[in-house]
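Engineer: How does the following fold in three dimensions:
(chains A and B)
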Amino acid sequence: MNRTGVVKALTLLLSTAAALAPVIHALNMYKWDIRALVTPTYTPPRVDFQMEPSGVRFEGRQIYVTFKLTNLGEVKVAFEGLNATAYGPDGRALAPATLDEAVSLPPNSMKTLTLRVNIDEAAQNRLISYFKEGRDRVNIGVRGEASIRVLGSKVTAPIAASFEISLTDIKTMG
Amino acid sequence: MGLLKTLSLNHRVNLLGLASALLLLYTASSNKPWWTMAGGLEGESTFSAEVSPFNIAVRILGKPVTVPILPYLNLAARLSILLAATTILIGSLLAGKPWSRPLLSLRGLILPIIFLAGLFFGLNMAGSYVGVSLPLTGESTLEYVIPYGGLNIATQTPVRAALTQEYWIALAAGIISALAKAVHGRIAPKR
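Structural biologist: Residues are numbered from 1 along each chain as shown, chains lettered A, B, ... in the order given. The predicted structure is shown next:
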């Protein structure tokens, strides 16, 4: 073999070794279990929060419902908006409910989230009618979609919550 | 012929080969990504990918995605390019020898082409698997619906992807190495 042939063969040999040696080493490390070698592994962070009603206050024709919001997950969660409706105990829509202000929760933290329910005269009369049915307290449900920010993504998630009001509360509305 | 004589320092050195070898050495020793993708709003990262043939880092919601074979493939690519750079360097410095021509490798050009093709194929595969369209370059918004207890959680994530300066340097190194190989036959004496 001439020198050019030797150089060609040597180059080919080294190239093959450079390309294959690490792969063969990997296969050896994983006992030739190709599936284990090519299967991606990923453990997503926990995204979890808990919402508990903590109080109701009335200001004019607006009901402010506060919830204790606890971030039980591993990532920051920000509640940025709410497109929801408050429903009476008969399931009929009462009034629109919105988020009073955005709430940002770092992992393992607790903050207060306030919903604002705008009650017009018709809704107020409907609320009063529930008490005329002999109820002492009325359960109001809120259902809709929350706009949440999770690590740079906008998430629209269904949300449901409920709170109770008394006749005394309604009377403070005037 | 005058230009060739100048570029080869009177048929002794392949200067194009030297330039490509140095660029390839830089490319193979750099850990900077050739292509990046970032998803998220206002500095918050939903996911990120920094990819080169020598290093791949993917994070989703702040947690890394690992594939055991990838570091070994990255090492194989790095060794291959280091070897190509070394052989080109030797072949270019010994351009006067008739046996130097096989040392001029085209792997420096093949790798950026395969990288781009692999990226295109990989993004299409990943996109069809997850059900979203992932851009090779540019900006878009990924919309993804997660079924959760009979309800749907809709997510929107702006995403930006780009080939970096490192990729273009690697491609330039590859093109120069191809040119070096093309002119080498006229520099090296025939057997």
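Engineer: mind checking pLDDT for the closest residue to chain B within chain A?
Structural biologist: Of all residues in chain A, A:Gly152 sits closest to chain B, with a separation of 2.6 Å (C-beta to the nearest C-beta). Heads up, the C-betas are built off the backbone N, CA and C, glycines and all. The predicted local confidence for A:Gly152 comes out at a pLDDT of 86.
Engineer: likewise B:Met1?
Structural biologist: 59.
Engineer: rewinding a little: so what's the backbone phi/psi at the residue of chain A closest to chain B?
Structural biologist: The phi and psi torsions at A:Gly152 (degrees, to the nearest 10) take the values phi 80, psi 0.
Engineer: and it, how many neighbours does it have?
Structural biologist: As a burial measure, A:Gly152 scores 20 neighbours (other C-beta atoms under 10 Å in any protein chain shown).
Engineer: show me the contacts for it.
Structural biologist: For A:Gly152, the contact set (C-beta atoms under 8 Å, 6 or more residues apart in numbering or on different chains) comprises B:39-46, B:157.
Engineer: mind redoing it with 6 Å?
Structural biologist: Residues touching A:Gly152, when contacts are defined by C-beta atoms under 6 Å, 6 or more residues apart in numbering or on different chains, comprise B:40-41, B:44-46.
Engineer: Need the nearest residue in space to it, chain neighbours excluded.
Structural biologist: B:Gly40 (2.6 Å; C-beta to C-beta, 6 or more residues apart in numbering or on different chains).
Engineer: Touching, that neighbour and B:Phe47? I think so.
Structural biologist: No - at 7.3 Å, B:Gly40 and B:Phe47 do not qualify as touching, with contact defined as C-beta atoms under 6 Å.
Engineer: Report the beta-bridge partners for residue 140.
Structural biologist: Because you didn't say which chain, this covers chain A. As for beta bridges, A:Ile140 partners with A:Phe163 under DSSP bridges.
Engineer: Actually, chain B is the one I wanted.
Structural biologist: B:Val159.
Engineer: Count residues in the vicinity of it, would you?
Structural biologist: B:Ser140 has 15 nearby residues by other C-beta under 10 Å.
Engineer: what about it, distance to B:Trp34?
Structural biologist: 20 Å (C-beta to C-beta, to the nearest Å).
Engineer: so where do the strands sit in the chain?
Structural biologist: Reading this off chain A. With strands called from DSSP state E, chain A shows them at A:49-59, A:62-71, A:77-87, A:93-99, A:103-105, A:110-118, A:137-150, A:153-166.
Engineer: Wait, chain B was what I had in mind.
Structural biologist: So, for chain B - with DSSP E - the strands run B:35-39, B:47-52, B:55-60, B:63-65, B:138-148, B:151-163.
Engineer: As JSON lines, these with mean pLDDT and distance to A:Ser15 would be great.
Structural biologist: What follows is those, written out as JSON lines (pLDDT from 0 to 100; distance: least, C-beta to C-beta, whole Å):
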{"stretch": "strand B:35-39", "mean pLDDT": "96", "distance to A:Ser15": "25"}
{"stretch": "strand B:47-52", "mean pLDDT": "95", "distance to A:Ser15": "20"}
{"stretch": "strand B:55-60", "mean pLDDT": "94", "distance to A:Ser15": "21"}
{"stretch": "strand B:63-65", "mean pLDDT": "93", "distance to A:Ser15": "30"}
{"stretch": "strand B:138-148", "mean pLDDT": "86", "distance to A:Ser15": "36"}
{"stretch": "strand B:151-163", "mean pLDDT": "89", "distance to A:Ser15": "26"}
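Engineer: what would the ones you listed look like in JSON lines with distance to A:Leu94?
Structural biologist: Below are the strands of chain B laid out as JSON lines (distance: least, C-beta to C-beta, whole Å):
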{"stretch": "strand B:35-39", "distance to A:Leu94": "39"}
{"stretch": "strand B:47-52", "distance to A:Leu94": "41"}
{"stretch": "strand B:55-60", "distance to A:Leu94": "41"}
{"stretch": "strand B:63-65", "distance to A:Leu94": "42"}
{"stretch": "strand B:138-148", "distance to A:Leu94": "27"}
{"stretch": "strand B:151-163", "distance to A:Leu94": "22"}
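Engineer: where in chain B is pLDDT low?
Structural biologist: Low-confidence segments of chain B, defined by pLDDT under 70: B:1, B:148-149, B:188-191.
Engineer: and the residue of it nearest chain A?
Structural biologist: Shortest chain B-to-chain A distance, computed as C-beta to the nearest C-beta: residue-wise this is B:Gly40, at 2.6 Å.
Engineer: So what's the residue count around that residue?
Structural biologist: Other residues within reach of B:Gly40, judged by other C-beta under 10 Å, total 20.
Engineer: now the strands of chain A in a markdown table, with mean neighbour count?
Structural biologist: Output for these, formatted as a markdown table (neighbours: other C-beta atoms under 10 Å in any protein chain shown):
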| stretch | mean neighbour count |
| --- | --- |
| strand A:49-59 | 14 |
| strand A:62-71 | 19 |
| strand A:77-87 | 19 |
| strand A:93-99 | 19 |
| strand A:103-105 | 17 |
| strand A:110-118 | 18 |
| strand A:137-150 | 19 |
| strand A:153-166 | 18 |
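Engineer: That concludes my questions; thank you for your assistance.
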